[in-house]
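K.L.:
Sharing a model that was predicted from the sequence below.
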Protein chains: 2
Amino acid sequence: MAERLVVIGGDAAGMSAASQARRRRNRDDLEIIAFERGHFTSYSACGIPYWIGGVVDGPDALVARDPQTFREKHAIDVRTRHEVVAIDLDKREVVARDLDRNKETRTGFDQLVYAIGAVPVRPGWPGVDARGVFGVQTLDDGAAVREYIEAEKPRTAVVVGAGYIGIEMAEALQNHGLGVVVLEKSDQPMSTVDPDMGALVRTSMEKLGIVVHTGETVTALKTKDGKVAAVETDNTTYPADIVVLGLGVRPNTALAKDAGLPLGATTNAVVTDQRMRVVGHDGIWAAGDCVQSIHRLTHEPVHIPLGTHANKQGRVAGVNIGGGYATFPGVIGTAVTKVCELEVARTGLREVDAEKAGFAYITASVESTNRAGYMPGARPMTVKLIAEKISGRLLGAQIVGTTEAAKRIDGLAIALWNGMTVEEMTGLDLGYAPPYAPVWDPILIAARKATEKLAQ
Amino acid sequence: MAERLVVIGGDAAGMSAASQARRRRNRDDLEIIAFERGHFTSYSACGIPYWIGGVVDGPDALVARDPQTFREKHAIDVRTRHEVVAIDLDKREVVARDLDRNKETRTGFDQLVYAIGAVPVRPGWPGVDARGVFGVQTLDDGAAVREYIEAEKPRTAVVVGAGYIGIEMAEALQNHGLGVVVLEKSDQPMSTVDPDMGALVRTSMEKLGIVVHTGETVTALKTKDGKVAAVETDNTTYPADIVVLGLGVRPNTALAKDAGLPLGATTNAVVTDQRMRVVGHDGIWAAGDCVQSIHRLTHEPVHIPLGTHANKQGRVAGVNIGGGYATFPGVIGTAVTKVCELEVARTGLREVDAEKAGFAYITASVESTNRAGYMPGARPMTVKLIAEKISGRLLGAQIVGTTEAAKRIDGLAIALWNGMTVEEMTGLDLGYAPPYAPVWDPILIAARKATEKLAQ
């Protein structure tokens, strides 16, 4: 009889695992059942703000593979609108509720992939459950925001939290002609980069007409007839016909906890080994936004919910379930985002991370351009490096620019991944031609400046 | 008394050396004299095709620092229109001819930087010295082409050689409304990439209306009244009111040879150590397009004339002359170019290089996109990897795309520089967001495919 793999969660991590397992083991050898609470499988959650903003079509365009394709082409029995409500590790069964028929069934498994992602942080403010208050995490969330905008014609929006999603949503709502206020507790937007880089982001947002208030804490949402009407902070009150929460996400691990799977003390995310096997539980795997990863610089567990990690981890789990061998090598915190007119990128540690981890470091920031200065389309770009004192090893990098800037972080990420020193980096053989870079690429200029600062 | 540094050649390498030396040693400690045959210093030779094509202004925009700035701000005695005609190593003197006054002077030196670049290859065809036949290497060359176009109003152009410069010049001439034929001896344009990638380049050139003939060898140039009129090949004759030679360059080392400086047996370029000191000659330095470099993969000497190496080598020489310590770590053959609508990039070894060096290898090519497929501006991109069998180490990479493609080579170059295997590369933490990359960056997809091929 075929072994049975049950996958909980039909997005990037879960379906990557299922697909990889299927590639290596046919249906006579491995039966695969995947439960997904929502309507969609394998979609790009990162594309949702662009869908809401009208930049891309949706939701179909955001779906890489739909349930029917999985069923027909990959022999994966995808059951959408099925929420797994319990995992019984002793009996090796999951309990799934059919949300449309409101019926529960038990399904046995030999192997299990836990991949139900993350849930938006939703503080306990009075009024937070009113209509017109949205987190943006799933395609169903995206559809709900779009419907609300169409039906209710909101004119003012408040976005709480100025991280990636918050800023992307602010821009998306502005595309719809709404007046947008962004509220952020810390001193600058984009606290995923250092404050000096965050200040550049703030300027760009304000240039677009988005109102940014930092250092303000939301205390309550005011409602009228069950709909949100305003956001109250420790400072003042902002009228709001729609409120979007961009307060980050937390790993979706209630189910794992109930089942007795190990959760990280600092991350509250599922703990796996490098093959994405849940520690201490043979045949139980986890991947994606619900697991913790190891940061390669600090060796600490971190929770970095990103589609790129989810896909890689899902693939690794699937290869291993399929009888192959693959490991997930950890993360270094690389991220890129489009913030209004700006491209913002980071990798490795921010200054605050470096301090917390106990590194002594120097920083070097340079202004350069994406192309040779004399070429049409040459635009300014700021590159900041953080390097360990004495050793000179690259610890972190951040880039802010307007065009052909963000993806330069990849080179810095690969240098950091390999433990390069900034001095070694000054000699790197990078691509040069006037349409693509000055003769000293901004990365090289930054490495030179960091090298000089280390020598001081 | 101050030591005297004499620099021969006032472009990237020479003036970088001079500037770095000056930063570390003031004029009381080090006198610096730089001889330059042409009118300009520190200019971007790579920008010349864009100037000729009318994409950028020139020549001033292409000059990073003019002679007056060097004299006044950096206390570097730049003497333009002065050609050094001999180096006397015994007396430690150079003989320089003032080209405008036709006068020779001898100048003593304590330290010497040899940085007179490369000269375009100019075959001995009948008619090659006719008016209307141009190499494009210096700003003075660029000015000559522009003047000729304006004065003679040529209608047909033949470009001989379909390398970087040849193709860039073909496009530049097309911008002027000329009918352009490109003749190339080998089977595909851009022999700096593998033929399968070169075929993509050919298609792009032809789409733009440039006529490409490969596998044809030029035998003679036909002239009329001292001006070029046609190009004769082993196949047929092409009318040509102007001919541009894009046959590559060779190191400008006649002067070095006469002086007894060591030249590489395979490269005919000056041999230096890692600090850019000419081997066996204390106080004599060389940098830029006239020196050979060590290829980090094959450990063989190579001659790769590129502004980025020239600048780095000049800086290294200057730091060392200034009393500091710096080394040039060698090259891996990274290059990017814009070929009509295409972005073309390469690093490491081509298939033919890998074979010649004795590597057993696999290749993997993938088609992907620069951005998430559903985003506006998503365009196709081909990534090809060459990896060593058994070890899986990356040996080379090539990219052809239309936008946000070429500079992705930097990440591959840094991976290769660090000896990463394609399997390790599948786990790299690269920047992902829909405006910048699919959730699996093309680099990662290529690494996965290469990993799979290695396992077969």
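P.N.:
Okay, I see it.

K.L.:
can you tell me how far A:T402 sits from chain B?
P.N.:
12 Å (Cβ to the nearest Cβ, to the nearest Å). C-betas here are computed from N, CA, C, even on glycine.

K.L.:
Just give the nearest non-adjacent residue to that residue, would you?
P.N.:
Nearest residue to A:T402, sequence neighbours excluded (Cβ to Cβ, 6 or more residues apart in numbering or on different chains): A:R379, at 4.7 Å.

K.L.:
From the opening residue of stretch A:70-83 to its closing one, how far?
P.N.:
18 Å (Cα to Cα, to the nearest Å).

K.L.:
So for it, what gets flagged as buried?
P.N.:
A:F70, A:H74, A:I76, A:D77, A:V78, A:R79, A:T80, A:H82, A:E83 (16 or more other Cβ atoms under 10 Å in any protein chain shown).

K.L.:
what does stretch A:375-382 give?
P.N.:
A:M375, A:A378, A:M381, A:T382.

K.L.:
can you tell me how far the residue most central in space within chain A sits from A:T192?
P.N.:
The structure's chain A has its C-alpha centroid closest to A:L306; by Cα atoms, centre = their mean the separation is 3.0 Å. Computed as Cβ to Cβ, to the nearest Å, the A:L306 to A:T192 distance reads 11 Å.

K.L.:
which residues do the two both contact?
P.N.:
Residues within reach of A:L306 and of A:T192 at once, by Cβ atoms under 8 Å, 6 or more residues apart in numbering or on different chains, are A:A335.

K.L.:
Generate CSV for the buried residues of stretch A:375-382, with pLDDT, secondary structure and distance to A:A17 as supplementary columns.
P.N.:
Shown next, in CSV, are those (pLDDT from 0 to 100; DSSP: H, G, I helix; E, B strand; the rest coil; distance: Cβ to Cβ, whole Å):
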residue, pLDDT, secondary structure, distance to A:A17
A:M375, 93, coil, 45
A:A378, 95, coil, 44
A:M381, 96, strand, 38
A:T382, 97, strand, 39
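
K.L.:
Would you mind trimming these to those in range of chain B?
P.N.:
Filtering those for proximity to chain B (criterion: Cβ under 8 Å from any Cβ of the partner chain) leaves A:M375.

K.L.:
from the buried residues of stretch A:375-382, which is closest to B:Y148?
P.N.:
B:Y148 lies nearest to A:M375 out of the buried residues of stretch A:375-382, by Cβ to Cβ, at 24.2 Å.

K.L.:
got a list of what that closest one touches?
P.N.:
A:M375 touches A:P434, A:P435, B:G47, B:Y50, B:V55, B:V56, counting by Cβ under 8 Å, 6+ apart.

K.L.:
Show only the entries of those found in strands.
P.N.:
Applying DSSP state E to these, no entry is found in strands.

K.L.:
nearest to B:D196, of those?
P.N.:
Closest to B:D196, out of all of the contacts of A:M375 and judged by Cβ to Cβ, is A:P435, at 23.5 Å.

K.L.:
hang on, isn't the closest one packed against A:R371?
P.N.:
Yes. Assessed by Cβ atoms under 8 Å, A:P435 is found in contact with A:R371 at 5.8 Å.

K.L.:
and for the two, which residues touch both?
P.N.:
A:G377.

K.L.:
which stretches of the stretch 151-300 of chain A form helices?
P.N.:
For the stretch 151-300 of chain A, applying DSSP state H, counting those that start in this stretch gives helices covering A:164-175, A:195-207, A:254-259.

K.L.:
Point out the most buried one among those.
P.N.:
Ranked by mean neighbour count, the helices of the stretch 151-300 of chain A are led by helix A:164-175 with a mean of 25 (mean count of other Cβ atoms under 10 Å in any protein chain shown).

K.L.:
and that one, what other elements does it pack with?
P.N.:
Counting contacts by 3 or more Cβ pairs under 8 Å, 6 or more residues apart in numbering or on different chains; DSSP states H and E, helix A:164-175 is packed against helix A:48-52, strand A:156-160, strand A:179-184, helix A:195-207, strand A:242-245, strand A:335-339.

K.L.:
Could you export it as CSV, CA atoms only?
P.N.:
Provided in CSV are the C-alpha atoms of helix A:164-175 (Å, rounded to 0.1, in the frame of the first residue of the first chain):
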residue,chain,number,x,y,z
TYR,A,164,7.1,46.4,4.0
ILE,A,165,3.4,45.6,3.8
GLY,A,166,2.3,48.8,5.5
ILE,A,167,4.1,50.9,3.0
GLU,A,168,3.1,48.9,0.0
MET,A,169,-0.5,49.0,1.2
ALA,A,170,-0.3,52.8,1.7
GLU,A,171,0.8,53.2,-1.8
ALA,A,172,-1.8,50.8,-3.1
LEU,A,173,-4.6,52.8,-1.3
GLN,A,174,-3.2,56.0,-2.6
ASN,A,175,-3.5,54.6,-6.1
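
K.L.:
Contacts only, for the residue lying closest to A:A199 once chain neighbours are set aside.
P.N.:
Excluding the flanking residues, the one nearest A:A199 by Cβ to Cβ, 6+ apart is A:Q188, at 5.8 Å. With contacts taken as Cβ under 8 Å, 6+ apart, A:Q188 has the following neighbours: A:A162, A:P195, A:G198, A:A199, A:V201, A:R202, A:T214.
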